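Engineer: sequence plus predicted model, see below.
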Amino acid sequence: MGLRERKLLRTQSLLYDTAVALFSEHGYKAVTMDDICAAADVAPGTLFHYFGTKAGVLVEFDRRIVVEIEQSLPTTKTDAASRLSVIQVSMSKAWNQAHPSLRALGVDYLRNTRVSEKGHMEADIQDLV
């Protein structure tokens, strides 16, 4: 991964971590995009570039789940049912361990995101499957 990609990933992770910390401390509904930007010390355009909306923070949650799943998959050849089981367990574990504010974020995302935008979030999981 090149320097540019590492910097983009670092900024995305900073925004995600900041948002989740604020959601955990104040609750999802109480936190605004401006609050996240101020806490992360970035311009509002930066947050909009990475996530589009407050609910778009789930894209990073999705990316992290994919990384965890890829690390959990056996390196030897296994049948499809075994691979899908690992994916299911990892996704379930991630959501069960998520802070309640992050789960509220997931509900908001599903309710308020256009179908055409949801494909981006699900693309990594679909590729993995």
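Structural biologist: All right, it came through fine. Numbering: from 1, shown residues only.
Engineer: and the helices in the chain?
Structural biologist: Per DSSP state H, the chain carries helices over the ranges 3-26, 33-40, 44-51, 58-72, 80-97, 100-112, 115-128.
Engineer: what's the angle between the second one and helix 44-51?
Structural biologist: Between the direction of helix 33-40 and that of helix 44-51, the angle (axes from the mean of the first three to the mean of the last three CA atoms, to 10 degrees) works out to 100 degrees.
Engineer: what's helix 33-40 in contact with?
Structural biologist: Here helix 33-40 makes contact (CB atoms under 8 Å, 6 or more residues apart in numbering) with 14-15, 18-19, 21-22, 26, 43-44, 46-48, 53-54. Glycine gets a C-beta too; all of them are placed from N, C-alpha and C.
Engineer: distance from the chain centre to it, please.
Structural biologist: Between the centre of helix 33-40 and the centre of its chain there are 17 Å (CA atoms, centre = their mean, to the nearest Å).
Engineer: could I get it in PDB with only the CA atoms?
Structural biologist: Output in PDB follows, covering the C-alpha atoms of helix 33-40 (Å, rounded to 0.1, in the frame of the first residue of the first chain):
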ATOM      1  CA  MET A  33     -21.500  15.900  11.800                       C
ATOM      2  CA  ASP A  34     -20.000  19.200  13.100                       C
ATOM      3  CA  ASP A  35     -19.300  17.500  16.500                       C
ATOM      4  CA  ILE A  36     -17.400  14.700  14.700                       C
ATOM      5  CA  CYS A  37     -15.400  17.200  12.600                       C
ATOM      6  CA  ALA A  38     -14.500  19.400  15.500                       C
ATOM      7  CA  ALA A  39     -13.300  16.400  17.600                       C
ATOM      8  CA  ALA A  40     -11.300  14.900  14.800                       C
END
